[in-house]
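**Q** what follows is a protein structure lacking sequence information:
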C-alpha cells in the first residue's frame, strides 16, 4: 500500500470490496472521493446507509423495494396474468428498459446448482408455485441465463408446472446480430440450433 493516511487506505480497501474493482481503480476512486464537495460526500454516505438499511425484498416477487410490495407488484397497469421468472432483481431492470413487457416478475435469488450446494428449496421456487396457484396466472416466462444451472432450473420449473393450467415459455437464446460465427461459443451455438425457426 502506498504511503497514504490510514483513513485513505481504509477507503481504498472498501472500494476494493466492490466487484470488478482492483487496486489501481480503488486508489483512483478513493482519491477522487476526497476531492468531492462535502455536500456530495454527505449524500454519498447517506445513500449507502439508506440502501443498506431500507432496501428489502418484495414479499410477493422478491424484487428490491423499500415497502412490503415493490412498485411493479403494486401497479394497476401491469398484466397480472403473466409472470417472468428471473435470477436476480437486477435482471428486472433489463426488461423494464425495453418498455415492451408489461407483466409481473418473480425473482429466484439464484439457480439450481447441486455442485455448489444450491438445491430447489434454496431458491424462491415454492413461493412461485404458491403465486401460480393463488393468482390468475396464464403464462410463465422463464428468463434465466443460458447456462447448465439455468437450463437445470428451467427444466425443474417446467416439470413442476406441467400438470398445472399454465403456459410455460422460455426466452430464446441465439446468435447476436452482427457477430461473426467464429466468435460464438459452443453452448450459444447449440441453443441457437435447437431454437431454430422456419424461414418465412
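**A** Yep, that arrived. Given the structure is predicted, the values throughout are model-derived calculations rather than measurements.

**Q** gap between residue 142 and residue 154?
**A** Distance from residue 142 to residue 154, counting by Cβ to Cβ, to the nearest Å: 5 Å. In this view, the C-beta of every residue, glycine as well, is placed from N, C-alpha and C.

**Q** residues in contact with the closest residue in space to residue 162 that isn't next to it in sequence?
**A** Leaving aside its sequence neighbours, residue 162 sits nearest to residue 168 (Cβ to Cβ, 6 or more residues apart in numbering; 7.6 Å). With contact taken as Cβ atoms under 8 Å, 6 or more residues apart in numbering, residue 168 is in contact with 139-140, 142, 157-158, 161-162.

**Q** does residue 168 belong to a helix or a strand, and which?
**A** Assigned by DSSP states H and E, residue 168 falls within strand 167-170.

**Q** strand partners (parallel or antiparallel) of that strand?
**A** Sheet pairing of strand 167-170 (DSSP bridges) gives strand 139-142 (parallel).

**Q** next, the buried residues of the partner strand.
**A** 140-142 (16 or more other Cβ atoms under 10 Å).

**Q** and for stretch 72-88?
**A** Buried residues in stretch 72-88, counting neighbours by 16+ other Cβ under 10 Å, are found at 72-73, 78, 82-88.
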